[in-house]
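Visitor: A predicted structure for the sequence below; I have some questions about it.
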Amino acid sequence: MAMIQKMTTMTQRRMDINDLHVEINGKEILKGISLAVCAGEVHAIMGPNGSGKSTLASTLMGHPKYNVTSGKIVVDGEDITKLPPNERAKRGLFLSFQYPSEISGVTVSNFLRTAYNAVTGKKIPVVDFHKMLKEKMAQLKMDSSFSKRYLNEGFSGGEKKRTEILQMMVLQPAFAILDETDSGLDVDALRIVAQGINAMRLPGRAIVLITHYRRILDYVVPDKIHILQDGKIIRSGGKELAAEIEERGYELPVEA
């Protein structure tokens, strides 16, 4: 299956967000976001509540609730702005939800195998899939019995977040967008989730990590940090920017 056309090598993969304007119910939320995310990089998007972080994540994945009024999302030279979520997934995009949904009647194992087959275009044998799934779950210190439970049903907040990271590890996306994966996690769960994210840091993969707080950045050190406020990126910098936020909050001077 030709998932991605005109591809060269994995290390050359790139996502460009060009002057993106997005509205919900006629209200503009994103007001001109421009960002280049290249393979091998980890970008942290930080900002206060209501700044547009989750809107950006959902828009990148193609949620129909969010209306792109102008601008483009380009992956490997292809404009994907109007593509539905399933087509974006085939092109390597993945979104870890801030509030994962419960799906009664669908086991974690069946959900992940169906997703794997759909995204990759391959039909992995059941035995091979379960072997791979068991290895990934062990990395996240998840009991193998979780694979037989209904997706997120009765899961704690930390268990839901680990399941989201498990999904990422199974699907191996080129562009992983993690929307506040650290929210609601205790210290031990945060470390385990961070280990899973760091295991995905490879030359052919980019990670966009959306967060409120600095603490996860102590475990997943970003290459670049961007501060989002009122729908715009007001500052970008290296990992030292997180320390400045910790000291001064989000009331930072805007870049010229």
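Guide: The structure has been received and is ready for your questions. Model, not experiment: these values are computed from the prediction. Numbering: from 1, shown residues only.

Visitor: can you pull out the helices in the stretch 1-150 of the chain?
Guide: For the stretch 1-150 of the chain, applying DSSP state H, counting those that start in this stretch gives helices covering 53-61, 85-90, 108-120, 126-139.

Visitor: Parallel or antiparallel, which strands does the following helix or strand past the last one pair with?
Guide: Tracing the chain past helix 126-139, the next element assigned as helix or strand by DSSP states H and E is strand 150-151. Take DSSP bridges as the rule and strand 150-151 pairs in its sheet with strand 103-107 (antiparallel).

Visitor: re the thing from before, closest to G184 out of the helices of the stretch 1-150 of the chain?
Guide: Nearest of the helices of the stretch 1-150 of the chain to G184, taken as Cβ to Cβ: helix 53-61 at 14.6 Å. Placement of C-beta: from N, CA and C, glycine included.

Visitor: Which of the residues in the closest one are classified as buried?
Guide: 53-61 (16 or more other Cβ atoms under 10 Å).

Visitor: what sits up against it?
Guide: 15, 17, 20, 22, 24, 29-30, 33, 45-47, 65-66, 68, 73, 85, 88, 93, 95, 98, 177, 179-180, 208, 210, 228, 231 (Cβ atoms under 8 Å, 6 or more residues apart in numbering).

Visitor: Check the gap between L151 and G204 for me.
Guide: Going from L151 to G204 by Cβ to Cβ, to the nearest Å gives 28 Å.

Visitor: Which one of the two is surrounded by more residues?
Guide: L151 (22 against 14; other Cβ atoms under 10 Å).

Visitor: Touching, that one and V108? I think so.
Guide: Yes. If you go by Cβ atoms under 8 Å, L151 and V108 touch, sitting 5.5 Å apart.

Visitor: one step back: tabulate the helices of the stretch 1-150 of the chain (TSV), appending distance to S236 and mean pLDDT.
Guide: Putting these into TSV (distance: least, Cβ to Cβ, whole Å; pLDDT from 0 to 100) gives the following:
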stretch	distance to S236	mean pLDDT
helix 53-61	14	95
helix 85-90	24	94
helix 108-120	31	93
helix 126-139	32	93
